[in-house]
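*Asks:* Got a sequence here, can you build the structure:
(one chain, ligands or ions: 1)
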Amino acid sequence: MPCQSSDELNILVKEAREYTKEGKVANYIPALGRANPHDLSIAIQYPDGQCISAGDIERKISLQSISKVISLALVLMDRGSNYVFERVGMEPTGDPFNSIAKLETLSPAKPLNPMINAGALVVTHMIKGNSIEDRFQRLLSFIREMANDSTIDYCEDVAQSEFKTAYLNRALCYFLKQHHIIEEDVEKLIDLYTKQCAIEMNCLELARIGMIFAMDGVDLESGKQIIPVHISRICKTFMVTCGMYNASGEFAIKIGIPAKSGVSGGIMGAVPGKFGIGIFGPALDEKGNSVAGIKLLELLSRNYKLSMF
Ligand code: GLU
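*Replies:* This is a model prediction of the structure:
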């Protein structure tokens, strides 16, 4: 029986909040360094519209790497899987999310998967549109539709802060440009990518997006198939194999829920056929995952038997 009340969630948040002390907020993007490390919030969104939540739920987070699953869904819809997987692979790496190492040793030099930065930059490169603004607006509309909130936007401060400091991401782009996997102007692509990562929302909206993936792309409230079933399945599979950085294997064993995290401390979970989860807890462990967020998911998965395996 899944968790039914916000009171039950409050108890779990209280227990997990203790673990925020063990992590640190990301500060390589200066604007993220201003988050309060003790924040922790969770929302669970059921397909019938019921939502339960606990913690600092009004707090907004930037999606950061969580956006990579959503841009992948859009690009698969735009271009089809053959086109996309000719340019980015399907295998986990075991390396940190921003590593450049494998690009040099692989031939062809295509990124191993769309959840690491190199792969995500290629995915963002493939978003269709006539200009950077047009491509960004297409991604934003898609996100607004899934979250059912037309006011969602990006945080200019976070986008600017990353744009000014994204030297490693620029290096990845130039490497990929040399190998003709990226064909556009790098500064423009970094502009689009940093805006994508800076799209912000609270954990209730994040849980609603997780629910769309959980329900095979269908929004039961509107009756609309927002993402085709086979694309939603691809996204969930990447969430299992590569969604939690190079801790994805351990996460699959201990928790067993398709999930994607970001360096802002967000985690989006999709419990197949059941519900979506949105978590925000900015204190990160050494792999880049929300330390208390992982604890919270561990408690949830154990108490309510949520592992899909
Ligand atoms: N915008 C961040 C970067 O590219 C996202 C990283 C993440 O959340 O894993 O470094």
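*Asks:* Pull out the buried positions in the helix ranked longest in the chain.
*Replies:* Identified as the longest helix of the chain according to DSSP state H is helix 132-147. Buried residues in helix 132-147, counted by 16 or more other Cβ atoms under 10 Å: 132, 135-136, 138-140, 142-147. Backbone N, C-alpha and C define where each C-beta goes, glycine included.
*Asks:* hang on, P92 packs against T241?
*Replies:* Yes - using Cβ atoms under 8 Å, P92 is in contact with T241, at 5.0 Å.
*Asks:* For stretch 201-214, C-alpha coordinates in PDB please.
*Replies:* The C-alpha coordinates for stretch 201-214 follow below in PDB (Å, rounded to 0.1, in the frame of the first residue of the first chain):
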ATOM      1  CA  MET A 201       9.900  24.700 -10.000                       C
ATOM      2  CA  ASN A 202       8.900  23.400  -6.600                       C
ATOM      3  CA  CYS A 203       8.700  19.700  -5.600                       C
ATOM      4  CA  LEU A 204       5.000  19.500  -6.300                       C
ATOM      5  CA  GLU A 205       5.500  20.400  -9.900                       C
ATOM      6  CA  LEU A 206       8.500  18.000 -10.100                       C
ATOM      7  CA  ALA A 207       6.400  15.200  -8.700                       C
ATOM      8  CA  ARG A 208       3.800  15.800 -11.400                       C
ATOM      9  CA  ILE A 209       6.400  15.500 -14.100                       C
ATOM     10  CA  GLY A 210       7.600  12.300 -12.500                       C
ATOM     11  CA  MET A 211       4.100  11.000 -12.500                       C
ATOM     12  CA  ILE A 212       3.800  11.500 -16.300                       C
ATOM     13  CA  PHE A 213       6.900   9.300 -16.800                       C
ATOM     14  CA  ALA A 214       5.500   6.800 -14.200                       C
END
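*Asks:* picking that back up, what sits in contact with each of P92 and T241?
*Replies:* Between them, P92 and T241 share these contacting residues under Cβ atoms under 8 Å, 6 or more residues apart in numbering: 113, 248.
*Asks:* Strand partners (parallel or antiparallel) of the helix or strand following the longest helix of the chain?
*Replies:* Going down the chain from helix 132-147, the next helix or strand is strand 153-154, by DSSP states H and E. Applying DSSP bridges, strand 153-154 is found paired with strand 199-201 (antiparallel).
*Asks:* Excluding its own residues, what touches the strand it pairs with? List them.
*Replies:* For strand 199-201, contacts defined as Cβ under 8 Å, 6+ apart pick out 60-63, 67, 139-140, 143, 147, 149, 152-155, 158.
*Asks:* And those residues, which is closest to Y46?
*Replies:* For the contacts of strand 199-201, the closest approach to Y46 (Cβ to Cβ) belongs to A147, at 15.2 Å.
*Asks:* Against S290, how distant is the nearest residue to the closest one once chain neighbours are set aside?
*Replies:* With Cβ to Cβ, 6 or more residues apart in numbering as the criterion, A147 has its nearest non-adjacent residue at 4.0 Å, and that residue is E205. Applying Cβ to Cβ, to the nearest Å, the value for E205 to S290 is 17 Å.
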